[in-house]
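Colleague: Give the three-dimensional model of this entry:
(chains A, B, C, D, E and F)
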Number of protein chains: 6
Amino acid sequence: MAGELIYFLPTLDPAHSISGRQTVELKGYSHIAPGVEYRIRNRSTRFSTKYDRSDGRLVTLIKTLHDGFTMTRGFYIGRFQPYHNGHHNVIDTIAEEVDELVLGIGSAGDSHSRHDPFTAGERIMMITKSLVDYDLVTYAVPIEDLDRNSVWVSHVQSMSPDFDIAYSNNPLVIRLFEEAGVEVRQSPMFNRDVLEGTEVRDRMVDGGDWQRLVPDPVVEVIEESDGIDRIQQVSDSDSNGI
Amino acid sequence: MAGELIYFLPTLDPAHSISGRQTVELKGYSHIAPGVEYRIRNRSTRFSTKYDRSDGRLVTLIKTLHDGFTMTRGFYIGRFQPYHNGHHNVIDTIAEEVDELVLGIGSAGDSHSRHDPFTAGERIMMITKSLVDYDLVTYAVPIEDLDRNSVWVSHVQSMSPDFDIAYSNNPLVIRLFEEAGVEVRQSPMFNRDVLEGTEVRDRMVDGGDWQRLVPDPVVEVIEESDGIDRIQQVSDSDSNGI
Amino acid sequence: MAGELIYFLPTLDPAHSISGRQTVELKGYSHIAPGVEYRIRNRSTRFSTKYDRSDGRLVTLIKTLHDGFTMTRGFYIGRFQPYHNGHHNVIDTIAEEVDELVLGIGSAGDSHSRHDPFTAGERIMMITKSLVDYDLVTYAVPIEDLDRNSVWVSHVQSMSPDFDIAYSNNPLVIRLFEEAGVEVRQSPMFNRDVLEGTEVRDRMVDGGDWQRLVPDPVVEVIEESDGIDRIQQVSDSDSNGI
Amino acid sequence: MAGELIYFLPTLDPAHSISGRQTVELKGYSHIAPGVEYRIRNRSTRFSTKYDRSDGRLVTLIKTLHDGFTMTRGFYIGRFQPYHNGHHNVIDTIAEEVDELVLGIGSAGDSHSRHDPFTAGERIMMITKSLVDYDLVTYAVPIEDLDRNSVWVSHVQSMSPDFDIAYSNNPLVIRLFEEAGVEVRQSPMFNRDVLEGTEVRDRMVDGGDWQRLVPDPVVEVIEESDGIDRIQQVSDSDSNGI
Amino acid sequence: MAGELIYFLPTLDPAHSISGRQTVELKGYSHIAPGVEYRIRNRSTRFSTKYDRSDGRLVTLIKTLHDGFTMTRGFYIGRFQPYHNGHHNVIDTIAEEVDELVLGIGSAGDSHSRHDPFTAGERIMMITKSLVDYDLVTYAVPIEDLDRNSVWVSHVQSMSPDFDIAYSNNPLVIRLFEEAGVEVRQSPMFNRDVLEGTEVRDRMVDGGDWQRLVPDPVVEVIEESDGIDRIQQVSDSDSNGI
Amino acid sequence: MAGELIYFLPTLDPAHSISGRQTVELKGYSHIAPGVEYRIRNRSTRFSTKYDRSDGRLVTLIKTLHDGFTMTRGFYIGRFQPYHNGHHNVIDTIAEEVDELVLGIGSAGDSHSRHDPFTAGERIMMITKSLVDYDLVTYAVPIEDLDRNSVWVSHVQSMSPDFDIAYSNNPLVIRLFEEAGVEVRQSPMFNRDVLEGTEVRDRMVDGGDWQRLVPDPVVEVIEESDGIDRIQQVSDSDSNGI
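Modeller: Numbering: from 1, shown residues only, chains lettered A, B, ... in the order given. Predicted coordinates for the structure are as follows:
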């Protein structure tokens, strides 16, 4: 979308609080170009803006997505080993429904195995780089395993910014959130990520074309961390070995 | 700095890769206002820009901070119980030296005590909201305790995006990073955060004016989570109690 | 209460299901003495019984405490190091309000220290023996520490039979249950247990008269496990020692 | 056994302490029917009683099972996922040999999986409800995994009331108890519980008739906790999912 | 004792098995000097030897310490932060009573604090170097904390070579071993090690003469690991710091 | 090697420090037989000695293996379940390259299973007894699992005496050490230990001739701990059992 700019107005002066549609003066944002329609996001809602040609400093902020200034934050859990196009498509879908999204990086303490090759830090980089130009505030939060299903939801809730909706197609995740009274939204596409994760790792190990299955920044992160060598090497390990 | 806009150019076309000082056409960024000097950040370096009046579409990107397109990422650990002005000042200082900063949220699993009142998720919100308009890419990463000093650095390194410099004035943190061969930078002001954290919590418990000691967004987060009630209530607990 | 007998009728024949007040024949309970008023408990409600003199086999079951056959289960957490009269009085009070009570034995993994002299198994015995003639179904459930306040309620809920009301005067416990949406009932007397626990242990160490502060069966359990010797001996330990 | 009543005499007055065979007056037990032979259990031994017709208040207590007032407590470990008829039959057998029985609920922290669908709290309810009319004092004690065979016996011993005999047909359990010097009794029927557990869970997942394989109260507990839905749902989970 | 040589005869030929006092030919030990009395130790007993001048190849092995070829192994637990002369004196005493001694290095996972400055590996070096010329087979075994007194003895027993006697003056250690049926030997001098450990660390932090309180090889190990700098630095840490 | 004696000269007087080849008087070692060539090891290098016939008290120490008095310590990790000839051969090879060798006993907390039958303490005995007459200073160090690859190297380094070279053919171990900057040496023979370990355990369970696959002292240790019975018994266990 040429002509679109996504950014934060985090210090929105309370005097500028807006209800419905109105014209406000945004001092200090002189750079906004005349005649361009932007989408501006602040912490509690989402606006469209219209530039006011008359003085180059006023914009019309048009609240477009949510009534009552409510903000919706979603939660999406995955192991992201690695973050791939399946995850990316899921997030495309979720982005239609929420203002902010927490990406819980599961099994954060696991790394250096065929099933979990990358560290939590590397996965944070994959996610952050892949989502940097999304119209969505995202939080990448590593979640270490507690290995106890009965407290898993509480654990996630303590590690994550507060969220309203959990997105998952994993039956266990759905069950645990539902028993805890958290709204869960599912879609058949949500579980394609699992299948694709295995496919990506298989290709990495076998020397196949894994690059096409992940966003470009993920390729970059994996190459910087020498990730292909790593997964190939550790895949040879007999667990007896140590 | 009125007239300044900080944002990402994450999909910088390789055809636009810049060495030294040159003029490039940034298609799709038509909104950049004439005559204003911006700072633009991409993932690997930091530029200043000059708008080219002639066609409203060319900017001069002036690489200002780093030679050789290297990027520096720092690491700053704290418990952030809560995030306060002492932390904020430290980050002001660090921001002069790095392009990106990881904020490690220590003792991430602790909450609901006088010493550690807030959850990791709440602390992520405090940090993210307080730093949202900083000219600095930040990552807020919860780090659970392993209670074993000898592996602490490895643990931190696995949870965090790769970093070049650790910032701390805590003698133990300094020692552990130095024994692991990580560069540490210190400053007397870095340890004011510890003192101020205690002061903030004391005021919260005693009904004092803690709000002046923290950034405004932190006040907001604490009020949303009913944090003052919580710290006051749990401070009455005799640890025998459970 | 001479003449009273408390026992279970767990296999109450569905054909005998009772609404309001009626006379039923309880085959196989020929031993019930004429003219004595018993209280009989089944799993879902509480009855009084009147013996029918005419054939020595019919009793009148009078539902006395709850309408609609609902049953209330409470939860009361303590370390019970040891179980003492303070706990006993609390349970006397709680017994007025619930049909069943779970006694969560906190810090179940701790033992052999001045603060936590007895094992979970020994504490189960103290509780069970002290409550055996109570008109209250009780469950003594050891709860190991997870050392993470944010998941504590989930942990307790997974270990315990489902409960409706938590009883505590400990501010942290109250806070945690309330944030989880569990009803908590408090009373000033509930926290006397903490004070008395310290007093009992002090007397044990100093050779004072601790026996008067605990129910008789607790004296028995402690003597069987050579508990006084144990607490006196471990109280001498310098934690440096191991 | 019509005419039999099992109950506790926990506060047996020391003045009534009995050696050999004698006649004692048990005040407050006026309800004992004439001419009926009961078994009365107190905490330290087991008696038969004979009612003395002459005044309706004297009984003859006949010590029948143990010499020297010894009491035998057994220990039986299982995961009880769920408690089923195989367990029930085992306990029938054990009940012939002991006065009290501790049921150790293994893997107490596991739940919400096909292999371990139920929480420790739910399993306590299954056991307690199924055994409530047994002539056996039982303790249902959740035992969390320590994942270290070498300390398993000590762990169990600290969590459980003291016991004299362990019942198991599991070779590892037998080995561990024997190396620790604990008497173990085995029987071919003891390991049928393992096979039946798998069969019960398979039927739950596949919609078969699992109800016939468990005591009635277990059906009740599982239905109250929506257990069939839960096991069916989590059985679909790919462990990759979280 | 000049003229004495302590060494192993581990491959003592069964044909040479000795009962009582006898003369055997030890082929391959031609180096034994005439007229010198040695002590020779094999794995199962301790001998004195007398050289037979007649052919320079026969020695008289005189079993001096144990009947029936039994060997005694002791166990001595400490944190050894650092290993000092107090420990050394204790071991001098123990060496009179046992053939082999296990030195359990407690809190093996702790390091880099004022109370526990050195790693388990560093402590192994201190002990091994200090005891290398002792007439005693020693094993330095790191023991990580399980933080559960009730399983501590089992944990120690699984990590350590089998032992017959535990040496300690720490009341908790004594209690735990005694409850587990392990013989414990005490002496007032055994607990001087605790006091001296604190004194040594205080001197290290304050720049005093700690070197006189430890064996020479310990000075060497600490200097190689830059230990004085470390303890001084971490002693400044406020535990709030991380 | 008849006529050879390996022992320590740990208290080598500094006045006797030797460079190149020279003759020194070793007081107190009068027992050294004339005309015999020994190898003597002290802590920092390895010598051959020649006895000086003229007065029976002078020896020539010939430094043979290392220049500059540097000492090399290696690290070799294994589970040693049990220690067998494959390990022994590996150590034969390593012994050519190092002065001292740390044997890290992996999965130290595991025991009493078919895959890990022996305790850490038993494995220490196997190793120590098998290596007692090696010309190599060895340390047997139990290493408990942390189950986190990213901190594994730090964990090992804290538990072990400092080492210069790691020996392994396990791809994961190699990878982890290499990422941490530790030199790793590999050889095809190093991974035969894994295969042989399985073979040894299979024979133990099936009643085959396992004795030929392990050093004699290992047979002894296993028999003392009744190890064959143990592995046969626990191999029957269904993991469902507890």
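
Colleague: Domain parsing of chain A, as residue ranges.
Modeller: In terms of domains, chain A is parsed into A:6-68, A:73-234 (source: automatic domain parsing).

Colleague: State which helix of chain A is the longest.
Modeller: helix A:192-206 (DSSP state H).

Colleague: Tell me the helices and strands packed up against it.
Modeller: Secondary-structure packing of helix A:192-206 (3 or more CB pairs under 8 Å, 6 or more residues apart in numbering or on different chains; DSSP states H and E): helix A:85-95, helix A:227-234. Heads up, the C-betas are built off the backbone N, CA and C, glycines and all.

Colleague: And the strands in chain A?
Modeller: A:6-8, A:21-25, A:37-41, A:46-52, A:58-63, A:73-78, A:100-105, A:137-142, A:165-167, A:183-185 (DSSP state E).

Colleague: ok so, going back, need the least confident one among the domains of chain A, by mean pLDDT.
Modeller: Lowest mean pLDDT of the domains of chain A: domain A:6-68, a mean of 37.

Colleague: picking up where we left off before, would you mind pulling the contact partners of the longest helix of chain A?
Modeller: The contact list for helix A:192-206 (CB atoms under 8 Å, 6 or more residues apart in numbering or on different chains) reads A:78-79, A:81-82, A:84-87, A:89-90, A:114-115, A:117, A:170, A:208-210, A:213-214, A:227-228, A:231-232, A:235, D:238, D:240-241.

Colleague: Please produce a ChimeraX select command covering the buried subset of those.
Modeller: To isolate in ChimeraX the members of the contacts of helix A:192-206 that are buried, counting by 16 or more other CB atoms under 10 Å in any protein chain shown, one can use:
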select /A:78,79,81,82,84,85,86,87,90,114,115,117,170,210,213,214,227,228,231,232,235 /D:240,241
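
Colleague: coming back round to it: now the helices and strands packed on helix A:192-206 as CSV including distance to chain C?
Modeller: Converted to CSV, the helices and strands packed on helix A:192-206 look like this (distance: least, CB to the nearest CB, whole Å):
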stretch, distance to chain C
helix A:85-95, 25
helix A:227-234, 31
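
Colleague: And the ones you listed: which comes nearest B:V137?
Modeller: Among the helices and strands packed on helix A:192-206, the nearest to B:V137 by CB to CB is helix A:85-95 (19.8 Å).

Colleague: Report the angle between the closest one and strand A:73-78.
Modeller: 170 degrees (axes from the mean of the first three to the mean of the last three CA atoms, to 10 degrees).

Colleague: Next, work out how far apart whichever residue of chain A sits closest to chain D and A:L213 are.
Modeller: Across chain A, no residue is closer to chain D than A:N170, which sits at 3.2 Å (CB to the nearest CB). As judged by CB to CB, to the nearest Å, A:N170 and A:L213 stand 20 Å apart.

Colleague: Check A:S154 too.
Modeller: 34 Å.

Colleague: What count of nearby residues applies to the nearest residue to A:N89 once chain neighbours are set aside?
Modeller: The spatially closest residue to A:N89, leaving aside those adjacent along the chain, is A:M189, at 6.6 Å (CB to CB, 6 or more residues apart in numbering or on different chains). Applying other CB atoms under 10 Å in any protein chain shown, we find 13 residues neighbouring A:M189.

Colleague: contacting residues around A:M189?
Modeller: Contacts of A:M189 were listed using CB under 8 Å, 6+ apart, and they are A:N89, A:V90, A:T93, A:N169.

Colleague: Could you do A:H88 as well?
Modeller: A:S130, A:P215.

Colleague: so how far is A:D133 from it?
Modeller: 12 Å.

Colleague: Over to A:V234?
Modeller: 33 Å.
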